[in-house]
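In: pasting the sequence and the predicted model now:
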Amino acid sequence: MELFHIGFLSVTLVDLLDIALVSFIFYRLYLVMQGTIAIQIFAGLVLVLGFSFLAQALDLKAMSSILRTITDIWVVAFIILFQPELRRLLVLVGRSPVIRLFLKMDVDESIDEVVGAVSELSRKKFGALIVFVRATGIRMHVETGTKLEALVSRTLLLSVFHPRSPLHDGAVIIKDRLIEAARCTLPLSNLTTWEGILLGTRHRAGLGISEQADVIVVIVSEETGIISIAENGTLYREIPVGGLRKELKARLSVEGERSLASVWRTVRTSGWS
């Protein structure tokens, strides 16, 4: 349905919707890349796209062809050069509460088993690194460890993290009710201290994976027995054993309500609107 004309252009309702969607996507890209060197390349790409659109509108065939070629090369170069920024964008999309509304997670029993194991590991000062996967999987890191695919149980976790176990070094990765793998290698965070406290390898690994993926990480210090949680690149230290269950349920449980009203509420509170 045609709404109005701007010179030689006729604008329809679909065109307005198209412009709104593209504007929203570019705005979100800008927010993610703001403050990085990628924003300069992104601005250049937007400029070339604008000139390309103008050249096509004016029917400048040679100029359109040149700009289209430049745009194609620019897009490929942009993807290669800025993989970390693009990966961060995809992680942010996966972390959105709106996306989680449509995911079903069955972690209540896993939380109970993990809390039981972590309580004992903390008391004995046995180090542990336990990763709960939320919206997006981390298969690349799962494949670095020993595949288990066993139901989460307190006994199994205590066996894995016993200092004499060949699997105790590295992370256990849990998805829903299953331990996918043990002795997994995780990326280390660039941070070496947190609030003035020197971070060991276990805490840097927990923090590192939480920076790159949609996960919740439980860390037990083998020196002090202190329990920490890493989420979205933030480390929450000295979690009391009595409060660990509540902390994990608040971060991992998905509400059952999935009505349109609840989706809209989530969109508004998450800043998507």
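Out: Right, received. Where do you want to start?
In: all contacts plus neighbour counts: C-alpha atoms, from now on.
Out: Noted.
In: around Val14, how many other residues sit close by?
Out: 12 (other Cα atoms under 10 Å).
In: tell me where the stretch 101-250 of the chain has strands.
Out: 128-133, 146-151, 171-175, 178-184, 193-194, 197-198, 215-220, 227-231, 234-236 (DSSP state E, counting those that start in this stretch).
In: okay, those strands in CSV with mean neighbour count and mean pLDDT next?
Out: Output for the strands of the stretch 101-250 of the chain, formatted as CSV (neighbours: other Cα atoms under 10 Å; pLDDT from 0 to 100):
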stretch, mean neighbour count, mean pLDDT
strand 128-133, 24, 94
strand 146-151, 14, 91
strand 171-175, 27, 93
strand 178-184, 22, 93
strand 193-194, 13, 88
strand 197-198, 10, 89
strand 215-220, 27, 94
strand 227-231, 22, 94
strand 234-236, 16, 93
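In: got these as TSV, with distance to Met140 columns?
Out: Below are these laid out as TSV (distance: least, Cα to Cα, whole Å):
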stretch	distance to Met140
strand 128-133	13
strand 146-151	12
strand 171-175	12
strand 178-184	10
strand 193-194	27
strand 197-198	28
strand 215-220	14
strand 227-231	19
strand 234-236	22
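In: so which of these is nearest Trp74?
Out: Nearest to Trp74 among the strands of the stretch 101-250 of the chain is strand 215-220 (32.7 Å), distances taken as Cα to Cα.
In: contacting residues around that closest one?
Out: 118, 121-122, 125-135, 202-203, 206-207, 209-210, 226-232, 251-252 (Cα atoms under 8 Å, 6 or more residues apart in numbering).
In: re earlier: can you check which of the strands of the stretch 101-250 of the chain gets nearest to Pro163?
Out: Pro163 lies closest to strand 128-133 among these, at 9.9 Å (Cα to Cα).
In: what's the spacing between the closest one and its chain's center?
Out: Relative to its chain's centre, strand 128-133 lies at 15 Å (Cα atoms, centre = their mean, to the nearest Å).
In: strands paired with it, and their directions?
Out: strand 171-175 (parallel), strand 215-220 (antiparallel) (DSSP bridges).
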